[in-house]
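# Sequence plus the predicted model coming up.
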Amino acid sequence: MEKEDKYPEYSLYHLQTFLRFYLFLFEKFAIVVTYQV
């Protein structure tokens, strides 16, 4: 039961990290596209 209580927090933390990483990749991709055009 303790694990279930901690899981939402753990999941939210990973989601936040994943979103930051995704935004970073998206920014890099946008820069590459801009330079190619």
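Arrived safely, thanks for sending. Residues are numbered from 1 along each chain as shown.
# ranges for the helices of this protein?
Taking DSSP state H as the criterion, the chain contains helices spanning 2-36.
# Below-threshold pLDDT in it: ranges please.
Within the chain, the ranges that satisfy pLDDT under 70 run 1-8.
# switch the cut-off to 50
For the chain, applying pLDDT under 50 flags the ranges 1.
# ok, Q16 to Q36 distance?
As for Q16, its distance to Q36 is 31 Å (criterion: C-beta to C-beta, to the nearest Å). Any C-beta I mention is one placed from the backbone N, CA and C, and that applies to glycine too.
# Neighbour count: those two, which is higher?
Set side by side, Q16 and Q36 give different neighbour counts by other C-beta atoms under 10 Å, the larger being at Q16 (10 against 6).
# any idea how far L25 is from the more buried one?
15 Å.
# got it, and V33?
When C-beta to C-beta is the yardstick, V33 and L25 sit 12 Å from each other.
# Next: Q36.
Taken as C-beta to C-beta, the spacing of Q36 relative to L25 amounts to 16 Å.
# No further queries at this time; thank you.
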